[in-house]
Structures are given as structure tokens and as C-alpha cells.
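Engineer: sequence-free structure coming up:
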């Protein structure tokens, strides 16, 4: 009987270790319009360890985000990466945005982006293309919540489908 339990344990052990080793890759982005600032304000929350791995793999930068040894180049490379993987379009036209900066919240880096000088009365659609971390993790899911003019829409963007649009 004890021998059977040992065999069963040895058969189940690899399955348990696989389940524990699997990681969930997700970011959450909120897109809102500020009437006061006449700007689209965007916050994106990404796990620090995932972004650290990305900066190392893509730019060979050991950023050590959220540590006392954080690289002084971290913000430069974060902005460079965002400009290549996070795009905003208004009425079907790409628009430029300002990378405001970042802050840390527990194990997450919160990225702040703003699209200034948006005339909402002339805006018919807002499109977000979010490819953050999809070049490093095939399983990456980027959840995007857009709230403008009392309209809300949420998307789960993945490597094969990276764009979501809110029609106003």
C-alpha cells in the first residue's frame, strides 16, 4: 500500500510542478478623457518583473526596476519601447502622445501617458493598439478599458489581435 502511494505521488508530482510554474501575463490599461485638461489620459499597469525581463531581452538593459540600483536609462528605454508598441489613433489617424513617467505600486509599474489638445466635439473614434510584452510572451493579455463621453468599452488584446476601438 505504501509503495502504491509513493508511485502515485511520483506520477502526480510533475503535474503539480507544471501547474505551479505556469505564469499569467497580463497588463491593464485605462483610457479616460479629462475635460479639464482637454486630454486623453492613459495609465497602464504592468508587472515589474515582466517589464524588467523585456528591457533585458530587447535592449540588453538590466534595469532593476523599483530597486535602489535602478538604471538611470530605464525611463529612456521604457519610453522608446512604448512608442513602438503602444499607439493611439483619433478618428483613424495616429496621434502623438507624451510619456509622463512611471511610478511603482507593489509589484506593478504604472505608466502614465497623455494625448494633449483633444477636441472631443470633433472626435468620432479612439483606437488603442497595445502590443506591450506580446513580443516577449505569447500568452500576454493586455486588458484595455476606455471611458469617454459616458461611453465605456473594454477589450482583451492578445498577440494576434492588438487593436481595440471605441466609436463615439
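Structural biologist: Structure received. As the structure is a prediction and not an experimental result, all values here were calculated from the model.

Engineer: distance of residue 166 from residue 144?
Structural biologist: 9 Å (CB to CB, to the nearest Å). In short, each C-beta sits where N, CA and C put it, glycine included.

Engineer: what of residue 138?
Structural biologist: 19 Å.

Engineer: same drill for those two, tell me which one is more crowded.
Structural biologist: residue 144 (22 against 10; other CB atoms under 10 Å).

Engineer: so who does that one touch?
Structural biologist: By CB atoms under 8 Å, 6 or more residues apart in numbering, residue 144 lies in contact with 29, 31, 128, 130, 154-155, 157, 164.

Engineer: and for residue 71?
Structural biologist: Residue 71 is in contact with 61-64, counting by CB under 8 Å, 6+ apart.

Engineer: secondary structure class for it?
Structural biologist: The three-state assignment at residue 71 reads coil, by DSSP: H, G, I helix; E, B strand; the rest coil.

Engineer: and it, how far is that from residue 27?
Structural biologist: 21 Å.

Engineer: same question, residue 140
Structural biologist: Distance of residue 140 to residue 27, given as CB to CB: 8 Å.

Engineer: do the same with residue 155
Structural biologist: To residue 27, residue 155 is 12 Å away according to CB to CB.

Engineer: and if you look at residue 123?
Structural biologist: 25 Å.

Engineer: neighbour count: these two, which is higher?
Structural biologist: Neighbour count, other CB under 10 Å: between residue 123 and residue 27, residue 27 has more, with 24 against 16.
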